[in-house]
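Participant: Build me a model from this:
(one chain, ligands or ions: 1)
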Amino acid sequence: MSDSTYDLIVIGGGPGGYVAAIRAAQLGQSVAVVEQRASLGGVCLNEGCIPSKALLDSSELFARARDEFDKHGILIDPPRLDLPKLLKRKQDVVTRLTRGIASLFKKNAITQLSGSGRLVAGADGAPPSVAVTSDAGETTYQARRVLLATGSRAIEIPPLPFEPPYVVDAAGALSFETVPEHLVVIGGGYIGLELGTVWARLGSKVTVVEMLPEILPPTDREAAKALQKLLEKQGLSFRLGTQLTGASRDGEQITLSLESDKGNDKLTCDRVLVSAGRRPNTEQLGLEACGIELEQGRIRVDDDYQTSCKGVYAIGDLVPGPMLAHKASEEGVVFAERLAGQASRVDYELIPGIIYTHPEIAAIGQTEQQLKDTGSEYTVGKFPFMASGRAKAMNATDGFVKVLAAPQSGRILGVTIMGPHASEMLGEAMAVMAFAGSARDVAMMCHAHPTLSESFKEACLAALGEAVHA
Ligand code: FAD
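Facilitator: Numbers count the residues shown, from 1 in each chain. Predicted coordinates for the structure are as follows:
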């Protein structure tokens, strides 16, 4: 048992936990963070958002040099790949960022406790303590409050247990030591498409197998369908409405048994990425002993992020909502501020979602499908990048901006952007929507020319029936 009592112990140093810890420390709390990995930053920094984007950026440069430079009149010998160097650059980016969090902890006087944490129920209604287990043994720490932020991990599917380097989760697919000849991606969600794109650009044949009839189910249907066509042009192939029923491996060769309306068949490959969803890390945390309730596998919390056990809170991938790093961080900040008596809240209607393929899809608010399902009235304004001067100059004209607005007030209800730098362009839509702005508000703003962001203004003009350039 340690002598010190903290105001707050956070279990899990990912984007939810580390951000909550920093904000709580800024607000005067004494804070410790328990993390079982060697580095801070969770899945996001170590094996998720950051390394995947590092590989997407490197592979995009490689593919553009190979496939596009000549269109710009730049003639080069075909580029060659130095995969170890490309992977090292990715790892260097991760290391710099995770070290950055460690120095933020120092600056904010946050104690890092290395090991695996679990709740130990307190006697007579006392808040639980936290047992931390590491190679050095087990130590128990006292805290006035405990925040659970242990995140999630990839789901393993029965016929295909993980068997690195042959059958891997996303972490494995971020580190293949050679370019797979044929990579099969199980799951047509954003993680599978992003990592499938990386290896297709670097030379793999990539097949995406998806149980549903469409890819990217929550995304605007028009954008998802258009993206599928563009990814097919980039060399990915899709087996939709197809279920995996069995698998076997013989040396380097994996044979997958597939079932669809068209019948049963087999697919052979040398690597499989299983990205069929993620499961919250709720096991071995001592939840039952503390009476913490789950709802569909995730921890139920109230508006303060308090669980059904007084003094124990939870955020991030552990609790309901999209499993995204910025959602986890936002909850971390709001948790700490509400603890300090502030009236902060997360606006769950305005959590952006991005797919970092080429082109990117970025969306916020409601999709057309959601508005239809709820019987809401809306007008649509669309602007194709084909009509954007900047997109033409960039030779990046695939995609469009779609604005959904309320017919009377013009208030923007949802925006989907498929196109170059869509992830960055979405910032303007986010700001306008956060201030309950309308298509007219955007239409009245002078946008710089030539920029991609003019396309957002044009889509708003289109929603008002006043499109100029389309
Ligand atoms: P995590 O990041 O999972 O962190 C939890 C931490 O808790 C981990 O470090 C874990 O080691 C630690 N832990 C678990 N149990 C214990 C324990 N008992 N004791 C001590 N420590 C423990 N999201 C985006 O927003 N944008 C993206 O572009 C994006 N890309 C992604 C790409 C990939 C390939 C993947 C896999 C995910 C991606 N995500 C992305 C999702 C994002 O990574 C997660 O939503 C986010 O990391 C969740 O944050 P968290 O703090 O809840 O948990």
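Participant: Now for this protein: which helix has the highest residue count?
Facilitator: Counting residues, the longest helix found in the chain (DSSP state H) is helix 83-107.
Participant: The ligand versus the spatially most central residue of the chain, what's the distance?
Facilitator: The structure's the chain has its C-alpha centroid closest to residue 324; by C-alpha atoms, centre = their mean the separation is 4.4 Å. Separation of residue 324 from the ligand (C-beta to the nearest ligand atom, to the nearest Å): 3 Å. For the C-beta atoms, the positions are set from N, CA and C on the backbone; glycine is no exception.
Participant: so that residue makes contact with residue 351?
Facilitator: Yes. Residue 324 is within contact range of residue 351, at 6.7 Å (criterion: C-beta atoms under 8 Å).
Participant: just checking, residue 235 touches residue 202?
Facilitator: No. Checked against C-beta under 8 Å, the pair residue 235 and residue 202 is beyond contact range at 10.8 Å.
Participant: Looking at those two now, which is surrounded by more residues?
Facilitator: Between residue 235 and residue 202, residue 202 has the larger neighbour count (other C-beta atoms under 10 Å), namely 18 against 15.
Participant: looking at it, the more buried one is touching residue 61, isn't it?
Facilitator: No. In this structure, residue 202 is not within contact of residue 61 by C-beta under 8 Å, at 11.1 Å.
Participant: which bits of this structure sit near the ligand?
Facilitator: 11-17, 34-37, 42-44, 48-49, 52, 116-117, 149-152, 170, 191, 281, 285, 316-317, 323-326, 328 (C-beta under 6 Å from any ligand atom).
Participant: taking those one by one, which sit in helices?
Facilitator: 17, 42, 43, 44, 49, 52, 170, 191, 325, 326, 328.
Participant: wait, which of these is closest to the ligand?
Facilitator: residue 42 (2.5 Å; C-beta to the nearest ligand atom).
Participant: Could I get the pLDDT score of the closest one?
Facilitator: Per-residue confidence (pLDDT) for residue 42: 98.
Participant: Tell me, how many residues neighbour it?
Facilitator: Residue 42 has 29 neighbours, counted by other C-beta under 10 Å.
Participant: Find the closest residue to the ligand in the stretch 251-400 of the chain.
Facilitator: Closest point on the stretch 251-400 of the chain to the ligand, by C-beta to the nearest ligand atom, is residue 316, at 2.2 Å.
Participant: how about the nearest residue to that residue once chain neighbours are set aside, what does it touch?
Facilitator: By the measure of C-beta to C-beta, 6 or more residues apart in numbering, the closest residue to residue 316 outside its immediate chain neighbours is residue 16, 3.0 Å from it. Counting by C-beta atoms under 8 Å, 6 or more residues apart in numbering, residue 16 touches 42, 149, 151, 315, 316, 317, 318, 328, 329, 331, 332.
Participant: Scan the residues you listed and report the most crowded one.
Facilitator: residue 316 (36 neighbours).
Participant: That one contacts residue 12, correct?
Facilitator: Yes. Contact criterion C-beta under 8 Å: residue 316 and residue 12 qualify, at 7.4 Å.
Participant: Now do the helices in the protein.
Facilitator: With DSSP H, the ranges of helices along the chain come out as 17-26, 42-47, 49-67, 83-107, 170-173, 190-201, 221-233, 325-339, 368-373, 389-394, 422-434, 439-443, 454-463.
Participant: next one: the longest one to chain centre, how far?
Facilitator: If I follow you right, that is helix 83-107. Computed by C-alpha atoms, centre = their mean, to the nearest Å, the chain-centroid distance of helix 83-107 equals 19 Å.
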